[in-house]
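**Q** Show me how the following folds:
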Amino acid sequence: TFTGTFNGFDHKIYNIVIGSRISLNANLYGLVCFNYGTIKSLTISEYILNIVINNQYSTRASLISSINYGKILNCNVSEGLIKSSVNLNIKDKNHYSNIAFGGISGINFEKAVIDNCVTNIKIDSSASITNETNSKHTDFAVFIGGICGQNDANGIIKNTFNELDCTINNVSNCPKGKSNITVYFGGAIGNNNGDISYAYTKCNASIIGARKQNIYNNQVHNFVGGLVGHNEGKIRENICIYDLFVSEGYGMTGGLVGRNFIENNIVGIIENCYCKGNIEVDLNTIALYHNIGGFVGYNAGKIANSYCDTELNVDCDYSSCGLFTGGVDQTGITLNCIATGIENISNKVLYKSLFSGATAGLITKGIILDNAKIILDNNDITYTMQNDEIVSKELIFTKNFLIDYLYWDENIWNIDEINYPILKWESKLK
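**A** Numbers count the residues shown, from 1 in each chain. The predicted structure follows:
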(Lines give C-alpha, C1' and ligand atoms only; values in the text may rest on other atoms or scores of the structure.)
Protein backbone atom coordinates (compact mmCIF):
# COMPACT_ATOMS: atom_id res chain seq x y z
CA THR A 1 0.00 0.00 0.00
CA PHE A 2 1.32 3.42 -1.01
CA THR A 3 0.04 6.55 0.74
CA GLY A 4 2.58 9.29 0.02
CA THR A 5 3.63 11.28 -3.03
CA PHE A 6 5.94 9.80 -5.63
CA ASN A 7 7.33 12.34 -8.10
CA GLY A 8 9.25 10.75 -10.95
CA PHE A 9 10.46 14.16 -12.19
CA ASP A 10 9.92 12.85 -15.74
CA HIS A 11 12.46 10.06 -15.28
CA LYS A 12 12.05 6.76 -17.09
CA ILE A 13 11.98 3.16 -15.85
CA TYR A 14 12.75 0.83 -18.73
CA ASN A 15 13.42 -2.85 -19.43
CA ILE A 16 11.20 -3.82 -16.51
CA VAL A 17 9.45 -7.19 -16.12
CA ILE A 18 6.48 -7.50 -13.76
CA GLY A 19 5.10 -10.96 -13.09
CA SER A 20 6.40 -14.30 -14.25
CA ARG A 21 5.95 -16.82 -17.01
CA ILE A 22 4.77 -19.33 -14.43
CA SER A 23 1.86 -18.97 -12.03
CA LEU A 24 2.83 -17.48 -8.67
CA ASN A 25 -0.77 -17.48 -7.42
CA ALA A 26 -0.39 -13.71 -7.36
CA ASN A 27 -3.54 -11.64 -7.76
CA LEU A 28 -2.12 -8.11 -7.69
CA TYR A 29 0.42 -6.96 -10.28
CA GLY A 30 2.04 -3.52 -10.60
CA LEU A 31 4.71 -1.20 -9.27
CA VAL A 32 2.19 -0.42 -6.51
CA CYS A 33 -0.60 -2.76 -5.43
CA PHE A 34 -2.85 -0.19 -3.68
CA ASN A 35 -2.29 3.50 -4.40
CA TYR A 36 -3.89 5.85 -1.87
CA GLY A 37 -1.40 8.63 -2.56
CA THR A 38 -0.18 10.50 -5.64
CA ILE A 39 2.06 9.07 -8.36
CA LYS A 40 3.15 11.61 -10.97
CA SER A 41 5.59 12.46 -13.75
CA LEU A 42 6.83 8.91 -14.35
CA THR A 43 7.51 7.03 -17.59
CA ILE A 44 7.64 3.22 -17.90
CA SER A 45 8.98 1.98 -21.23
CA GLU A 46 10.09 -1.25 -22.91
CA TYR A 47 8.29 -3.33 -20.30
CA ILE A 48 6.69 -6.76 -20.03
CA LEU A 49 3.76 -7.41 -17.71
CA ASN A 50 3.12 -11.17 -17.44
CA ILE A 51 -0.18 -12.15 -15.83
CA VAL A 52 -0.43 -15.93 -15.37
CA ILE A 53 -3.46 -17.27 -13.50
CA ASN A 54 -4.10 -20.89 -12.65
CA ASN A 55 -6.10 -20.31 -9.48
CA GLN A 56 -9.68 -19.24 -8.90
CA TYR A 57 -9.16 -15.78 -7.43
CA SER A 58 -9.89 -12.39 -8.97
CA THR A 59 -6.88 -10.46 -10.26
CA ARG A 60 -5.98 -6.77 -10.74
CA ALA A 61 -2.98 -5.69 -12.78
CA SER A 62 -1.27 -2.76 -14.49
CA LEU A 63 2.16 -1.24 -14.93
CA ILE A 64 1.64 1.45 -12.27
CA SER A 65 -1.07 0.49 -9.76
CA SER A 66 -3.18 -2.65 -9.38
CA ILE A 67 -5.94 -0.62 -7.75
CA ASN A 68 -5.94 3.17 -7.68
CA TYR A 69 -7.69 4.93 -4.80
CA GLY A 70 -5.62 8.11 -5.15
CA LYS A 71 -4.18 10.10 -8.06
CA ILE A 72 -2.02 9.12 -11.02
CA LEU A 73 -0.90 12.22 -12.92
CA ASN A 74 1.28 12.94 -15.95
CA CYS A 75 2.46 9.34 -16.37
CA ASN A 76 3.49 7.58 -19.56
CA VAL A 77 3.42 3.83 -20.27
CA SER A 78 4.75 2.97 -23.71
CA GLU A 79 6.50 0.50 -26.01
CA GLY A 80 5.78 -2.71 -24.18
CA LEU A 81 3.65 -5.83 -23.85
CA ILE A 82 0.95 -6.90 -21.43
CA LYS A 83 0.42 -10.67 -21.68
CA SER A 84 -2.42 -12.30 -19.76
CA SER A 85 -2.87 -16.08 -19.64
CA VAL A 86 -5.76 -17.56 -17.66
CA ASN A 87 -6.20 -21.34 -17.47
CA LEU A 88 -8.81 -22.38 -14.91
CA ASN A 89 -9.91 -25.95 -14.23
CA ILE A 90 -12.75 -25.34 -11.82
CA LYS A 91 -14.15 -27.96 -9.44
CA ASP A 92 -16.93 -25.87 -7.86
CA LYS A 93 -20.53 -26.15 -9.01
CA ASN A 94 -20.95 -22.39 -8.63
CA HIS A 95 -18.03 -20.14 -9.43
CA TYR A 96 -17.36 -16.50 -10.24
CA SER A 97 -14.04 -14.70 -10.64
CA ASN A 98 -12.64 -11.97 -12.87
CA ILE A 99 -9.53 -10.19 -14.04
CA ALA A 100 -9.17 -6.44 -14.64
CA PHE A 101 -6.08 -4.89 -16.17
CA GLY A 102 -4.83 -1.90 -18.13
CA GLY A 103 -1.80 0.28 -18.73
CA ILE A 104 -2.23 2.72 -15.82
CA SER A 105 -4.42 0.83 -13.33
CA GLY A 106 -6.37 -2.42 -13.08
CA ILE A 107 -9.25 -0.60 -11.36
CA ASN A 108 -9.65 3.15 -10.89
CA PHE A 109 -11.68 3.10 -7.69
CA GLU A 110 -14.35 5.47 -6.40
CA LYS A 111 -13.21 9.13 -6.54
CA ALA A 112 -9.75 8.14 -7.78
CA VAL A 113 -8.19 10.27 -10.54
CA ILE A 114 -6.13 9.46 -13.65
CA ASP A 115 -5.19 12.69 -15.39
CA ASN A 116 -2.94 13.67 -18.29
CA CYS A 117 -1.57 10.15 -18.86
CA VAL A 118 -0.32 8.54 -22.09
CA THR A 119 -0.21 4.85 -23.01
CA ASN A 120 1.05 2.95 -26.05
CA ILE A 121 0.43 -0.73 -25.38
CA LYS A 122 0.24 -4.12 -26.99
CA ILE A 123 -2.01 -6.64 -25.20
CA ASP A 124 -2.19 -10.39 -25.74
CA SER A 125 -4.92 -11.95 -23.60
CA SER A 126 -6.21 -15.52 -23.46
CA ALA A 127 -8.57 -17.34 -21.11
CA SER A 128 -9.58 -21.01 -21.01
CA ILE A 129 -12.27 -22.07 -18.53
CA THR A 130 -13.03 -25.75 -17.89
CA ASN A 131 -15.47 -27.21 -15.37
CA GLU A 132 -16.05 -30.97 -15.40
CA THR A 133 -18.79 -30.81 -12.72
CA ASN A 134 -22.52 -30.50 -13.34
CA SER A 135 -22.21 -26.78 -12.66
CA LYS A 136 -25.15 -24.40 -12.54
CA HIS A 137 -22.96 -21.33 -12.99
CA THR A 138 -19.32 -20.99 -13.99
CA ASP A 139 -18.70 -17.32 -14.73
CA PHE A 140 -15.47 -15.58 -15.57
CA ALA A 141 -15.22 -11.91 -16.58
CA VAL A 142 -12.35 -10.11 -18.30
CA PHE A 143 -12.06 -6.30 -18.02
CA ILE A 144 -9.44 -4.85 -20.39
CA GLY A 145 -8.57 -1.27 -21.33
CA GLY A 146 -5.57 0.69 -22.52
CA ILE A 147 -5.88 2.98 -19.48
CA CYS A 148 -7.65 0.69 -16.99
CA GLY A 149 -9.88 -2.36 -16.87
CA GLN A 150 -12.58 -0.73 -14.74
CA ASN A 151 -13.39 2.86 -13.81
CA ASP A 152 -15.68 2.68 -10.78
CA ALA A 153 -18.45 5.07 -9.73
CA ASN A 154 -17.14 8.64 -9.37
CA GLY A 155 -13.74 7.63 -10.72
CA ILE A 156 -12.31 10.36 -12.95
CA ILE A 157 -10.25 9.78 -16.10
CA LYS A 158 -9.41 12.82 -18.23
CA ASN A 159 -6.89 14.30 -20.66
CA THR A 160 -5.53 10.92 -21.77
CA PHE A 161 -3.94 9.83 -25.03
CA ASN A 162 -3.64 6.14 -25.68
CA GLU A 163 -2.86 3.76 -28.52
CA LEU A 164 -3.72 0.09 -28.14
CA ASP A 165 -3.11 -3.03 -30.22
CA CYS A 166 -4.97 -5.93 -28.62
CA THR A 167 -5.73 -9.62 -29.27
CA ILE A 168 -8.17 -11.51 -27.01
CA ASN A 169 -8.82 -15.24 -27.35
CA ASN A 170 -11.22 -17.06 -24.99
CA VAL A 171 -12.42 -20.67 -24.73
CA SER A 172 -15.41 -21.80 -22.65
CA ASN A 173 -15.61 -25.55 -22.00
CA CYS A 174 -18.07 -27.02 -19.50
CA PRO A 175 -19.31 -30.31 -20.97
CA LYS A 176 -21.81 -31.09 -18.16
CA GLY A 177 -22.93 -27.69 -16.93
CA LYS A 178 -23.18 -24.02 -17.83
CA SER A 179 -20.38 -21.52 -18.28
CA ASN A 180 -19.96 -17.92 -19.34
CA ILE A 181 -16.91 -15.90 -20.27
CA THR A 182 -17.76 -12.20 -20.49
CA VAL A 183 -15.34 -9.74 -22.06
CA TYR A 184 -15.56 -6.02 -21.29
CA PHE A 185 -13.09 -4.47 -23.70
CA GLY A 186 -12.45 -0.82 -24.50
CA GLY A 187 -9.55 0.92 -26.16
CA ALA A 188 -9.33 3.08 -23.03
CA ILE A 189 -11.59 1.47 -20.37
CA GLY A 190 -13.25 -1.94 -20.28
CA ASN A 191 -16.14 -1.02 -17.96
CA ASN A 192 -17.00 2.55 -16.97
CA ASN A 193 -19.17 3.72 -14.09
CA GLY A 194 -17.35 7.02 -13.59
CA ASP A 195 -16.45 10.05 -15.72
CA ILE A 196 -14.29 10.02 -18.86
CA SER A 197 -13.50 13.24 -20.70
CA TYR A 198 -11.01 14.68 -23.19
CA ALA A 199 -9.62 11.27 -24.16
CA TYR A 200 -8.04 10.57 -27.54
CA THR A 201 -7.90 6.84 -28.28
CA LYS A 202 -6.58 4.80 -31.21
CA CYS A 203 -7.60 1.17 -30.95
CA ASN A 204 -6.85 -1.90 -33.06
CA ALA A 205 -8.41 -5.02 -31.54
CA SER A 206 -9.32 -8.61 -32.39
CA ILE A 207 -11.68 -10.47 -30.02
CA ILE A 208 -12.04 -14.18 -30.70
CA GLY A 209 -14.00 -16.74 -28.72
CA ALA A 210 -14.82 -20.45 -28.85
CA ARG A 211 -17.35 -22.71 -27.19
CA LYS A 212 -16.51 -26.40 -26.93
CA GLN A 213 -18.81 -29.40 -26.52
CA ASN A 214 -22.23 -28.25 -25.21
CA ILE A 215 -22.24 -24.95 -27.10
CA TYR A 216 -25.71 -23.88 -25.95
CA ASN A 217 -24.60 -23.93 -22.31
CA ASN A 218 -21.12 -22.57 -22.98
CA GLN A 219 -21.34 -18.89 -23.82
CA VAL A 220 -18.90 -16.14 -24.71
CA HIS A 221 -20.29 -12.63 -24.22
CA ASN A 222 -18.51 -9.61 -25.70
CA PHE A 223 -19.03 -5.94 -24.86
CA VAL A 224 -16.58 -4.24 -27.21
CA GLY A 225 -15.96 -0.55 -27.86
CA GLY A 226 -13.18 1.49 -29.38
CA LEU A 227 -13.20 3.67 -26.25
CA VAL A 228 -15.33 1.82 -23.64
CA GLY A 229 -16.79 -1.69 -23.65
CA HIS A 230 -19.68 -1.11 -21.22
CA ASN A 231 -20.83 2.26 -19.87
CA GLU A 232 -23.05 3.30 -16.98
CA GLY A 233 -21.13 6.53 -16.34
CA LYS A 234 -20.53 9.79 -18.20
CA ILE A 235 -18.51 10.06 -21.40
CA ARG A 236 -17.95 13.63 -22.58
CA GLU A 237 -15.86 15.17 -25.37
CA ASN A 238 -13.90 12.10 -26.41
CA ILE A 239 -12.41 11.01 -29.72
CA CYS A 240 -11.84 7.45 -30.93
CA ILE A 241 -10.20 6.04 -34.04
CA TYR A 242 -10.80 2.30 -34.23
CA ASP A 243 -10.40 -0.97 -36.12
CA LEU A 244 -12.35 -3.78 -34.42
CA PHE A 245 -12.82 -7.45 -35.28
CA VAL A 246 -15.17 -9.71 -33.28
CA SER A 247 -15.74 -13.42 -33.79
CA GLU A 248 -18.07 -15.68 -31.78
CA GLY A 249 -20.56 -15.01 -29.06
CA TYR A 250 -23.49 -12.93 -27.95
CA GLY A 251 -22.59 -9.28 -27.63
CA MET A 252 -22.64 -5.62 -28.44
CA THR A 253 -19.95 -3.90 -30.48
CA GLY A 254 -19.67 -0.17 -31.13
CA GLY A 255 -17.03 2.19 -32.50
CA LEU A 256 -17.09 4.29 -29.33
CA VAL A 257 -19.01 2.14 -26.79
CA GLY A 258 -20.24 -1.46 -26.90
CA ARG A 259 -23.22 -1.00 -24.56
CA ASN A 260 -24.48 2.28 -23.09
CA PHE A 261 -26.65 1.10 -20.22
CA ILE A 262 -29.02 2.08 -17.42
CA GLU A 263 -29.22 0.20 -14.13
CA ASN A 264 -30.74 1.14 -10.76
CA ASN A 265 -31.73 4.52 -12.24
CA ILE A 266 -28.08 5.29 -13.09
CA VAL A 267 -28.05 6.32 -16.74
CA GLY A 268 -25.08 5.97 -19.08
CA ILE A 269 -24.58 9.34 -20.79
CA ILE A 270 -22.51 10.08 -23.91
CA GLU A 271 -22.26 13.67 -25.14
CA ASN A 272 -20.20 15.59 -27.68
CA CYS A 273 -18.05 12.71 -28.93
CA TYR A 274 -17.01 11.46 -32.32
CA CYS A 275 -15.42 8.33 -33.71
CA LYS A 276 -14.18 7.00 -37.03
CA GLY A 277 -13.10 3.54 -38.15
CA ASN A 278 -13.96 0.00 -39.20
CA ILE A 279 -15.87 -2.83 -37.51
CA GLU A 280 -15.98 -6.44 -38.70
CA VAL A 281 -18.19 -9.01 -36.98
CA ASP A 282 -18.04 -12.55 -38.35
CA LEU A 283 -19.90 -15.20 -36.39
CA ASN A 284 -19.73 -18.49 -38.23
CA THR A 285 -21.08 -20.75 -35.50
CA ILE A 286 -24.37 -20.73 -33.60
CA ALA A 287 -24.57 -17.41 -31.78
CA LEU A 288 -26.96 -15.45 -29.69
CA TYR A 289 -28.04 -11.95 -30.58
CA HIS A 290 -25.40 -9.36 -31.52
CA ASN A 291 -25.82 -5.58 -31.88
CA ILE A 292 -23.33 -3.68 -34.04
CA GLY A 293 -23.24 0.10 -34.36
CA GLY A 294 -20.71 2.54 -35.74
CA PHE A 295 -21.03 4.68 -32.59
CA VAL A 296 -22.70 2.46 -29.95
CA GLY A 297 -23.61 -1.21 -30.25
CA TYR A 298 -26.65 -1.01 -27.96
CA ASN A 299 -28.08 2.10 -26.32
CA ALA A 300 -30.26 1.94 -23.22
CA GLY A 301 -29.02 5.30 -21.89
CA LYS A 302 -28.65 8.75 -23.44
CA ILE A 303 -26.56 9.91 -26.41
CA ALA A 304 -26.50 13.51 -27.60
CA ASN A 305 -24.66 15.83 -30.01
CA SER A 306 -22.24 13.27 -31.43
CA TYR A 307 -21.28 11.80 -34.78
CA CYS A 308 -19.48 8.86 -36.37
CA ASP A 309 -18.05 7.81 -39.71
CA THR A 310 -17.74 4.05 -39.98
CA GLU A 311 -17.54 1.03 -42.24
CA LEU A 312 -19.37 -2.04 -40.95
CA ASN A 313 -18.72 -5.53 -42.30
CA VAL A 314 -21.17 -7.94 -40.69
CA ASP A 315 -21.90 -11.60 -41.41
CA CYS A 316 -23.94 -13.23 -38.64
CA ASP A 317 -27.43 -14.47 -37.83
CA TYR A 318 -29.74 -12.77 -35.33
CA SER A 319 -27.96 -9.46 -35.45
CA SER A 320 -28.97 -5.81 -35.62
CA CYS A 321 -26.90 -3.16 -37.42
CA GLY A 322 -26.84 0.59 -37.92
CA LEU A 323 -24.23 3.18 -38.80
CA PHE A 324 -24.90 4.97 -35.50
CA THR A 325 -26.49 2.43 -33.13
CA GLY A 326 -26.96 -1.30 -33.59
CA GLY A 327 -30.00 -1.34 -31.32
CA VAL A 328 -31.91 1.00 -29.00
CA ASP A 329 -33.68 -0.18 -25.85
CA GLN A 330 -37.03 1.28 -24.83
CA THR A 331 -35.17 3.39 -22.25
CA GLY A 332 -32.66 4.61 -24.85
CA ILE A 333 -32.58 8.24 -26.02
CA THR A 334 -30.59 9.55 -28.98
CA LEU A 335 -30.68 13.29 -29.68
CA ASN A 336 -29.16 15.44 -32.44
CA CYS A 337 -26.60 12.96 -33.77
CA ILE A 338 -25.02 12.36 -37.17
CA ALA A 339 -23.88 9.16 -38.91
CA THR A 340 -22.23 8.37 -42.19
CA GLY A 341 -20.36 5.45 -43.75
CA ILE A 342 -21.01 2.08 -45.38
CA GLU A 343 -22.69 -1.08 -44.11
CA ASN A 344 -21.46 -4.21 -45.89
CA ILE A 345 -23.84 -6.80 -44.50
CA SER A 346 -25.22 -10.22 -45.35
CA ASN A 347 -28.88 -11.03 -45.75
CA LYS A 348 -28.63 -13.01 -42.49
CA VAL A 349 -28.63 -9.73 -40.54
CA LEU A 350 -32.06 -9.54 -38.92
CA TYR A 351 -32.51 -5.79 -38.37
CA LYS A 352 -30.77 -3.23 -40.58
CA SER A 353 -31.09 0.47 -41.18
CA LEU A 354 -28.77 3.34 -42.04
CA PHE A 355 -28.99 5.11 -38.67
CA SER A 356 -30.06 2.40 -36.20
CA GLY A 357 -31.04 -1.26 -36.28
CA ALA A 358 -33.76 -2.57 -33.95
CA THR A 359 -35.18 0.48 -32.17
CA ALA A 360 -37.63 0.54 -29.25
CA GLY A 361 -36.53 3.85 -27.73
CA LEU A 362 -36.47 7.51 -28.79
CA ILE A 363 -34.40 8.87 -31.67
CA THR A 364 -34.82 12.59 -32.32
CA LYS A 365 -33.02 14.20 -35.26
CA GLY A 366 -31.04 11.15 -36.29
CA ILE A 367 -29.14 12.62 -39.24
CA ILE A 368 -27.59 10.58 -42.06
CA LEU A 369 -25.23 12.01 -44.66
CA ASP A 370 -26.51 11.50 -48.18
CA ASN A 371 -23.40 9.52 -49.16
CA ALA A 372 -24.09 6.79 -46.56
CA LYS A 373 -25.23 3.45 -47.93
CA ILE A 374 -25.97 -0.20 -47.22
CA ILE A 375 -24.51 -2.94 -49.39
CA LEU A 376 -26.57 -6.09 -48.86
CA ASP A 377 -24.94 -9.19 -50.35
CA ASN A 378 -23.05 -6.91 -52.77
CA ASN A 379 -26.18 -4.94 -53.80
CA ASP A 380 -26.72 -1.27 -52.90
CA ILE A 381 -29.97 -0.74 -50.99
CA THR A 382 -31.50 1.82 -48.63
CA TYR A 383 -33.12 1.00 -45.29
CA THR A 384 -34.25 3.98 -43.22
CA MET A 385 -36.42 4.35 -40.15
CA GLN A 386 -39.41 6.68 -40.17
CA ASN A 387 -37.65 9.52 -38.33
CA ASP A 388 -34.27 9.33 -40.11
CA GLU A 389 -33.24 12.49 -41.94
CA ILE A 390 -30.91 12.23 -44.95
CA VAL A 391 -29.02 15.48 -45.47
CA SER A 392 -26.12 16.56 -47.68
CA LYS A 393 -22.67 17.18 -46.20
CA GLU A 394 -22.75 20.72 -47.59
CA LEU A 395 -25.76 21.50 -45.40
CA ILE A 396 -24.89 19.48 -42.29
CA PHE A 397 -21.48 20.95 -41.49
CA THR A 398 -22.58 24.55 -41.26
CA LYS A 399 -23.15 26.67 -38.18
CA ASN A 400 -26.78 27.20 -39.06
CA PHE A 401 -27.48 23.47 -39.15
CA LEU A 402 -25.34 22.29 -36.22
CA ILE A 403 -26.02 25.17 -33.84
CA ASP A 404 -29.51 26.37 -34.76
CA TYR A 405 -31.06 23.04 -35.76
CA LEU A 406 -29.13 20.41 -33.77
CA TYR A 407 -28.27 22.66 -30.82
CA TRP A 408 -24.57 21.79 -30.79
CA ASP A 409 -22.48 24.04 -28.54
CA GLU A 410 -19.97 26.20 -30.42
CA ASN A 411 -18.00 26.53 -27.17
CA ILE A 412 -17.32 22.78 -27.48
CA TRP A 413 -17.17 22.26 -31.25
CA ASN A 414 -14.93 24.00 -33.76
CA ILE A 415 -17.19 24.03 -36.80
CA ASP A 416 -15.32 23.99 -40.09
CA GLU A 417 -17.72 24.46 -42.96
CA ILE A 418 -15.45 22.50 -45.33
CA ASN A 419 -14.57 19.46 -43.24
CA TYR A 420 -16.02 17.63 -40.26
CA PRO A 421 -16.40 19.63 -37.05
CA ILE A 422 -13.76 18.87 -34.44
CA LEU A 423 -13.70 19.31 -30.69
CA LYS A 424 -12.07 22.56 -29.67
CA TRP A 425 -9.66 20.87 -27.30
CA GLU A 426 -8.44 18.72 -30.21
CA SER A 427 -7.78 21.77 -32.36
CA LYS A 428 -5.54 23.09 -29.59
CA LEU A 429 -3.41 19.94 -29.87
CA LYS A 430 -2.83 20.67 -33.53
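
**Q** drop to CA atoms for contacts and neighbour counts, all remaining ones
**A** Will do.

**Q** buried stuff in the helix or strand where C321 lies?
**A** In the assignment (DSSP states H and E), C321 maps to strand 319-322. Judged by neighbour count (16 or more other C-alpha atoms under 10 Å), strand 319-322 contains these buried residues: S319, S320, C321, G322.

**Q** Same check on stretch 40-56?
**A** 40-45, 47-56.

**Q** what is the rounded mean pLDDT of that stretch?
**A** Model confidence over stretch 40-56 averages 88 on the pLDDT scale.

**Q** likewise stretch 96-116?
**A** 94.

**Q** now the helices: where do they sit in the protein?
**A** When assigned using DSSP state H, the helices of the chain occupy the ranges 393-396, 399, 424-429.

**Q** Which among those helices is found nearest to L369?
**A** Minimum separation from L369 across the helices of the chain (C-alpha to C-alpha) falls at helix 393-396, 6.0 Å.

**Q** next helix or strand past the closest one?
**A** Assigned by DSSP H and E, the successor of helix 393-396 is helix 399.

**Q** about what we covered before: strands paired with the strand holding C321, and their directions?
**A** Applying DSSP bridges, strand 319-322 is found paired with strand 290-293 (parallel), strand 351-352 (parallel).

**Q** Contacts for the shortest one, please.
**A** Where contact means C-alpha atoms under 8 Å, 6 or more residues apart in numbering, the residues beyond strand 351-352 that reach it are S319, S320, C321, G322, G357, A358, Y383.

**Q** ok, these vs W425, which is closest?
**A** G322 (28.6 Å).

**Q** So in terms of bridging, what pairs with the closest one?
**A** Under the criterion used (DSSP bridges), G322 bridges to G293.

**Q** Repeat that for I342.
**A** With DSSP bridges as the rule, I342 is bridged to E311, K373.

**Q** got a list of what it touches?
**A** T310, E311, L312, L323, A372, K373, I374, I375.

**Q** Make TSV out of the residues you listed and add neighbour count and distance to F185.
**A** What follows is the contacts of I342, written out as TSV (neighbours: other C-alpha atoms under 10 Å; distance: C-alpha to C-alpha, whole Å):
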residue	neighbour count	distance to F185
T310	28	19
E311	24	20
L312	26	19
L323	35	20
A372	19	28
K373	21	28
I374	23	27
I375	17	28
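
**Q** isn't N98 right up against I53?
**A** No. The criterion here is C-alpha atoms under 8 Å, and N98 misses it with I53 at 10.6 Å.

**Q** in the stretch 201-350 of the chain, what spans have low per-residue confidence?
**A** 210-218, 284-288 (pLDDT under 70).

**Q** can we see that at 80?
**A** 209-220, 248-250, 283-289, 317-318 (pLDDT under 80).

**Q** And stretch 54-66, how far out from the chain middle?
**A** 20 Å (C-alpha atoms, centre = their mean, to the nearest Å).

**Q** Buried residues, it. List them.
**A** N54, N55, Q56, S58, T59, R60, A61, S62, L63, I64, S65, S66.

**Q** Also stretch 77-94?
**A** For stretch 77-94, using 16+ other C-alpha under 10 Å, the buried residues are 77-78, 80-90, 92, 94.

**Q** Looking at those residues, which are in strands?
**A** 77-78, 80-90, 94 (DSSP state E).

**Q** and which of those is nearest to S392?
**A** S78 (41.4 Å).

**Q** Surely that closest one touches I48?
**A** No. With contact defined as C-alpha under 8 Å, S78 does not reach I48; the gap is 10.6 Å.

**Q** Can you check the pLDDT for the nearest residue to S126 once chain neighbours are set aside?
**A** Nearest residue to S126 in three dimensions, chain neighbours excluded: N169, at 4.7 Å (C-alpha to C-alpha, 6 or more residues apart in numbering). If you check N169, the pLDDT there is 89.

**Q** List the contacts of N169.
**A** Contacts of N169 (C-alpha under 8 Å, 6+ apart): S125, S126, A127, I207, I208, G209.

**Q** let's see 6 Å
**A** S126, I208, G209 (C-alpha atoms under 6 Å, 6 or more residues apart in numbering).

**Q** Tell me how far the second one lies from D243.
**A** Yep, that's I208 we're talking about. The gap separating I208 from D243 is 14 Å, by C-alpha to C-alpha, to the nearest Å.

**Q** thinking again about what came up before, deepest in the core, which of the helices of the chain is it.
**A** Sort the helices of the chain by mean neighbour count, taking mean count of other C-alpha atoms under 10 Å, and helix 399 sits at the top with a mean of 19.

**Q** And the average pLDDT for that helix is what?
**A** The model assigns helix 399 a mean pLDDT of 85.

**Q** Output the strands paired with strand 319-322 in JSON lines; the columns should cover mean neighbour count and distance to N162.
**A** Formatted as JSON lines, these follow (neighbours: other C-alpha atoms under 10 Å; distance: least, C-alpha to C-alpha, whole Å):
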{"stretch": "strand 290-293", "mean neighbour count": "32", "distance to N162": "22"}
{"stretch": "strand 351-352", "mean neighbour count": "22", "distance to N162": "32"}
